[in-house]
Structure formats: structure tokens, C-alpha cells
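> dropping a prediction and its sequence here:
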Amino acid sequence: MAAPELWWLWAALAVSIVCYLTNQHRRGSGSGRRPPGPRPLPLIGNLLDLRHAPGNLHHTLARLARAHGAPVMRLDLGLVPAVVVSSRDAAREAFASHDRRIAARPVRDSKRALGLCDRSVLSLPSSDPLWRHLRGVMAAHVLSPRSLAASRAARERKVGDLLGYVRGRAGTVVDVKEAVYGGVANLVSTAMFSIDVVDVGAVAESPPLAHGLQELLEGLMECMGKPNVSDFFPFLRALDLQGCRRRVARHLPKVLQVLGDIVDRRLVDEASSSTSGSNKGGDKHGDFLDILLELESTGKITRDNLTLILFDIFAAGSDTMALTVVWAMAELLRNPAVMARLRAELRDALGSKAAVEEADAAGLPYLQAVVREAMRLHPAAPVLLPHKAVEDGVEIGGYAVARGWTVIFNSWAIMRDPAAWERPDEFVPERFLGRELDFRGKQLEFVPFGSGRRLCPGVPMVERVVPLVLASLVHAFEWQLPAGMSANQVDVSDKFTNTSVLAFPLIKAVPLIVT
């Protein structure tokens, strides 16, 4: 080994020891009881306890919490101290008493590439003025009831495209994930900037540049989601040993370039229309981009803000909604009685009406119960994006959480807490009938999108799109399993992915056109 390499090795070892001893001193000198958990090893902490976690992180965390009788459990992720919250009551205390104190985000090293963590609403701390401004823009303008109402017809049209795709394959085995994933991605992209990003065979005027966006985003999110040694041993960040930050620095500009090209094309089209006199000043598209360009023209946001808002919404939105629809379909195929009851509700409410509208879906209680039960059993984010304590004085379940500690909410475990739910591992939509449980995490036994200040900003879109897509698929087709397959053979075991969301279930079914 060359002398310079030896020098780096000894320097890294020395820094590791200093950091370890410093962390131990901080933990030992803190006030309050220390949360229980598996005994950490020197330097690496509890990383070995998570060695089987890839693919089932939420299961591993729940198993460790049960083993230590700890709804609030301490884990040392290398040199990063963390607590894992796994019960409804502990989550309620955390959000009700300490929401402001734990509303920051620990920043993945990969998100430091090109300053993404200082520009994206998903990473900025809630105390940052830019975060408050961008969240306000999303809530008051982009995802407001008025904006969503304006794009309703476009969403329903994209659902029609999805049904057309499935109808063209009626009587054959269909990959449900492939159909729903493409259909929902186009629904979201059309609502955002009136362009399809996936070719599902529909007639569209999308420029070729849009059809690579989904693949670019998938590659970028995979880079950002991979476990990274720099996140567990912060003193190693400068070395970027796994190259995660470098890969994001290569991928991110490609995604932002595509989004920037979409914006530029819109501006060129508007300028051309204005010159020719065909644009009378009204909203030409009625999409999110129209709204954002208006805000930019009045100086309320910058072009960088505009592009990053598009990035944040699209990166976080389409997968979440498609996942929920596909998991709901998997559970319906596994539970024929539930499917039959849902079909009966749709038939009684819609009669001979061919297409489901958003207003129809919003008024169907059993449909809404099915959606919520699918989210409860199979949350798109089974482990919520981590929080970070920014002040001392945080106490959860009688245990002290020191400033700087990471706070992890295992939403999968919280929504299967036997203290909150009867038969928590069974698919029983009836449990939601007559209960006022919305998607906003106000009742902490149901937190598919988090709670408090860091609640997912896309919830208003989710609560419109998911019921509409699911109802449309069930109303338009009678779904059967492939020949030789029985309902109890439908695999609903879930798997965690590198992008911090569940994997899509491998569901294939045969759609028959309802006449």
C-alpha cells in the first residue's frame, strides 16, 4: 500500500475513534431516560442489526421494536443516533407535543449534490423561510382546490386513456402494475404540464423529450435512495466513498434539463400564440405550469423555484398514487367478496353511466374504505422520511430524544398497531365505514403520508386521483385471475425498495369488458 493511502487510513481511523468517543459522551451526559434498543457495537452501532433490512426495512424495525418491548426504540446508525417510533400512542405524543421541534430533515449526502438539499421543499428544514414560502406556493396555488378543480377534466381524460389501454387487452393477461404505472404517470404529468411521459398507446401531442423523463427520474431516485456510508459516518462525506453524490450530480442536471425544456417550449408556444393573435389571454392549458409561470412573471418565485417544484411534485407523486392503486387491486383480487361489494356499490351509484367522475368517487363510502385499508396495510412509504430533532426537551414515551437525533416513524408498524386496530394484519375495509379518518394524519393510527408540518404536500391530489382510478378500473372491467390461479395465491407480501417506497406487487389479471 502506498504511503498516501496509509496516511488516509490512519487519519480515518483516528477521526472514527474521536467521533465515537464524542458521541458516547453526548449520549451518556444527556438528561432523561435513554430509549431501549439493541446493544450497539463500537463505531458501527446497530448497523449489523439491520443487515437483513434491504427489502424489508419496515419489518426489521418492527421486529426489533417488539423484541425490546420498545414502541420508542434507540438505534445507532453508525455514528448517527436515532429513535424509531412504532406505535400510535408514541406517534401521537411526538406530533402533538413536539411537531415543531422534530420538523427538520436529516439530509442524505447524495442530496447535497448541486445544493439540492437547499433548494428542494422535500429536504429544507421547516424553519427555513424558503421552505415556508414554497410550501405556501404549493398549498395556495399549485395544489389548491381551485387549481385541482381546473385540471379535473384533464385527469378524467387520462383515466379514459388508461381504460382504453386495458380495453385493448381485454380477455388477455394484463400486467396491472404496467398499466396503472403508465396511466397514473401520464395523469400526473398532464396535470402538471399537459404532456404524457409514458407511451400507453393513446393519441397525444407530447414532444419526444417528455418520454424519457420517467426513466431519468427512476434512475435519480434510485441513486438518492441507496444506503450510503457517508450518511452513517458523516466525517467520511468529503470522500464520497460510494460515489452516490457524484452519480446524483450527473443525473440531476439531466432531469432538470428536461423539465427546463418543457418550460421553455411552453414559453415559446405562448409567445407564438400571442404574436399570431390566437391567444386571448386566458389559461391555455389550465395546468400547474400555467400557475407557476404566472407566479414567476410576478416575481413570487424564481425559475429555479419553478423547476424544483415540478421536480418535487412529480418525483414524489406518481409512484405513490400508482402504488396505492395496484396494492388495492391486489387485495381486491385476493378478496373476491370485497371486490363484489365494491362493484355493487359502483353499480348502484352509477347505474348505466359509462365513466366514473371524481365527484362520483368522492361520494362512495365503501370505495373510500377500500382505498384507506389498502393504504393502511401497504403504505407507499412504510418508513416515513426521517425527521430530526432541532431542540432539546423532546420526550417521547417517557424517553429523552436529544437535539440532533434522527426520529424515524415506522408508519407500517403504526398502522398495524394492535392497540389501535382489531385484526391489524387482515384486509377489512369495513373498519373504515363510519370513521372520520382522512389522509392527513390527524388521527395518528392512520398516517400513510405523515402528519404535522411535514405532511406530504400532495395529499389533495392523492385523495382525488387514487379513488378515481381504482373505481374506474373496477367499474369498467370484471377482473379475473389467470387460469389455474386461486385468490389465496395472490402474493401480497410487501418489499421495501431503495427509493424508500414499497415495491409494486407482481399482479397479473384478466380484464373482461362489462356490458
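The structure has been received and is ready for your questions.
> ranges for the helices of the stretch 101-250 of the chain?
With helices called from DSSP state H, counting those that start in this stretch, the stretch 101-250 of the chain shows them at 129-137, 145-150, 152-167, 176-193, 213-225, 229-232, 244-276.
> so which of these gets nearest residue 321?
Smallest distance to residue 321 across those (CB to CB): 5.1 Å, for helix 176-193. For every residue, glycine as well, the C-beta is placed using N, CA and C.
> which secondary structure elements does that closest one sit against?
helix 152-167, helix 244-276, helix 288-297, helix 303-334, helix 459-476 (3 or more CB pairs under 8 Å, 6 or more residues apart in numbering; DSSP states H and E).
> can I get these in JSON lines with mean pLDDT and distance to residue 443?
Converted to JSON lines, these look like this (pLDDT from 0 to 100; distance: least, CB to CB, whole Å):
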{"stretch": "helix 152-167", "mean pLDDT": "96", "distance to residue 443": "28"}
{"stretch": "helix 244-276", "mean pLDDT": "91", "distance to residue 443": "36"}
{"stretch": "helix 288-297", "mean pLDDT": "96", "distance to residue 443": "30"}
{"stretch": "helix 303-334", "mean pLDDT": "93", "distance to residue 443": "19"}
{"stretch": "helix 459-476", "mean pLDDT": "97", "distance to residue 443": "14"}
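> can you redo those as a markdown table with distance to residue 77?
Shown next, in a markdown table, are the helices and strands packed on helix 176-193 (distance: least, CB to CB, whole Å):
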| stretch | distance to residue 77 |
| --- | --- |
| helix 152-167 | 40 |
| helix 244-276 | 16 |
| helix 288-297 | 36 |
| helix 303-334 | 23 |
| helix 459-476 | 29 |
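> relative to residue 491, which of those is closest?
Checking those against residue 491 by CB to CB gives helix 303-334 as the closest, at 7.9 Å.
> what's the following helix or strand past the closest one in contact with?
Sequence-wise, the next helix or strand downstream of helix 303-334 (DSSP states H and E) is helix 336-350. Helix 336-350 is contacted by residues 331-333, 356, 360, 363-367, 370, 427, 429, 471, 474-475, 478-479, 487 when judged by CB atoms under 8 Å, 6 or more residues apart in numbering.
> redo the helices and strands packed on helix 176-193 as TSV? Include mean neighbour count and distance to residue 234.
Below are these laid out as TSV (neighbours: other CB atoms under 10 Å; distance: least, CB to CB, whole Å):
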stretch	mean neighbour count	distance to residue 234
helix 152-167	19	43
helix 244-276	16	13
helix 288-297	19	35
helix 303-334	23	25
helix 459-476	24	32
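> out of the ones you listed, flag the one nearest residue 37.
Per CB to CB, nearest to residue 37 of these: helix 244-276, 26.9 Å.
> and that closest one, what does it pack onto?
The contact analysis (3+ CB pairs under 8 Å, 6+ apart) places helix 244-276 against helix 176-193, helix 213-225, helix 288-297, helix 303-334.
> could you look up the SS state of the nearest residue to residue 463 once chain neighbours are set aside?
The shortest distance from residue 463 to any non-neighbouring residue, by CB to CB, 6 or more residues apart in numbering, is to residue 439 (5.3 Å). Put simply, residue 439 is coil when judged by DSSP: H, G, I helix; E, B strand; the rest coil.
> okay, now residue 439: neighbour count?
20 (other CB atoms under 10 Å).
> again, but for residue 93
Neighbours of residue 93 using other CB under 10 Å come to 19.
> skipping adjacent residues, who's closest to it in space?
Residue 93's closest residue in space is residue 396 (CB to CB, 6+ apart), at 5.5 Å.
> so that neighbour sits against residue 94, correct?
Yes. Shown here, residue 396 and residue 94 form a contact pair, counting by CB atoms under 8 Å, at 4.9 Å.
> find the residues that touch each one of these two.
With CB under 8 Å, 6+ apart, residue 396 and residue 94 have common neighbours 85, 407.
> picking up where we left off before, quick check: the residue nearest to residue 93 vs residue 35, distance?
8 Å (CB to CB, to the nearest Å).
> give me the common contacts of the two.
Joint contacts of residue 396 and residue 35 (CB under 8 Å, 6+ apart) are 72, 83.
> quick one on the thing from earlier: and the helices and strands packed on helix 176-193: which comes nearest residue 407?
So among the helices and strands packed on helix 176-193, helix 303-334 is nearest, using CB to CB, at 20.0 Å.
> compute the inter-axis angle for the closest one and helix 336-350.
In terms of direction (axes from the mean of the first three to the mean of the last three CA atoms, to 10 degrees), helix 303-334 departs from helix 336-350 by 110 degrees.
> what's the angle between helix 303-334 and helix 176-193?
Using the same axes, to 10 degrees: helix 303-334 against helix 176-193 is 150 degrees.
> from the chain's centroid, how far away is helix 303-334?
Offset of helix 303-334 from its chain centre (CA atoms, centre = their mean, to the nearest Å): 7 Å.
> can you lay out the helices and strands packed on helix 244-276 as JSON lines showing distance to residue 63?
Formatted as JSON lines, those follow (distance: least, CB to CB, whole Å):
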{"stretch": "helix 176-193", "distance to residue 63": "28"}
{"stretch": "helix 213-225", "distance to residue 63": "22"}
{"stretch": "helix 288-297", "distance to residue 63": "41"}
{"stretch": "helix 303-334", "distance to residue 63": "22"}
